[in-house]
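Student: quick check, what structure comes out for this input:
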Amino acid sequence: MTKYSAIPTFIDGIRFASKAEARRYSELKILERAEKITHLELQPKFTCIVNGTKVCTYIADFAYFTDKTRVIEDVKGVKTPVYKLKKKLVEALCPGVTITEVS
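Tutor: Predicted coordinates for the structure are as follows:
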């Protein structure tokens, strides 16, 4: 059990932090097989650098493309203050990046 009562779940030999994240992965795999999305990526990383100083690294849950648009997703049960800050930082520092939250 984790600190927010999420239950780690394995699918395809991959450990997901929660059942919700594992469920979303399954949904995205179906969409990928149906060719609705492409280039599914797990845990894409975004390094936040301000004035030459690395502030943090944000790790999303998923990234993929719909047509020519890159979608960044985070499966959220609890939106912690640290998550909210990192989300704002990434969106401010990476033009064109918007983080989509999925419950």
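Student: please count neighbours and contacts with C-alpha atoms only from this point.
Tutor: OK.
Student: in the helix ranked longest in the chain, what counts as buried?
Tutor: Longest helix of the chain, by residue count under DSSP state H: helix 19-33. Within helix 19-33, the residues scored as buried using 16 or more other C-alpha atoms under 10 Å are 20-22, 24-25, 28-29, 32.
Student: same question for stretch 69-76.
Tutor: Result for stretch 69-76 [16+ other C-alpha under 10 Å]: buried residues 70-76.
Student: can you add secondary structure, pLDDT and distance to Ile37 and give those residues back as JSON lines?
Tutor: Formatted as JSON lines, the buried residues of stretch 69-76 follow (DSSP: H, G, I helix; E, B strand; the rest coil; pLDDT from 0 to 100; distance: C-alpha to C-alpha, whole Å):
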{"residue": "Arg70", "secondary structure": "strand", "pLDDT": "94", "distance to Ile37": "10"}
{"residue": "Val71", "secondary structure": "strand", "pLDDT": "95", "distance to Ile37": "10"}
{"residue": "Ile72", "secondary structure": "strand", "pLDDT": "97", "distance to Ile37": "12"}
{"residue": "Glu73", "secondary structure": "strand", "pLDDT": "97", "distance to Ile37": "13"}
{"residue": "Asp74", "secondary structure": "strand", "pLDDT": "96", "distance to Ile37": "16"}
{"residue": "Val75", "secondary structure": "strand", "pLDDT": "95", "distance to Ile37": "17"}
{"residue": "Lys76", "secondary structure": "coil", "pLDDT": "90", "distance to Ile37": "21"}
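Student: fine by me, thanks again.
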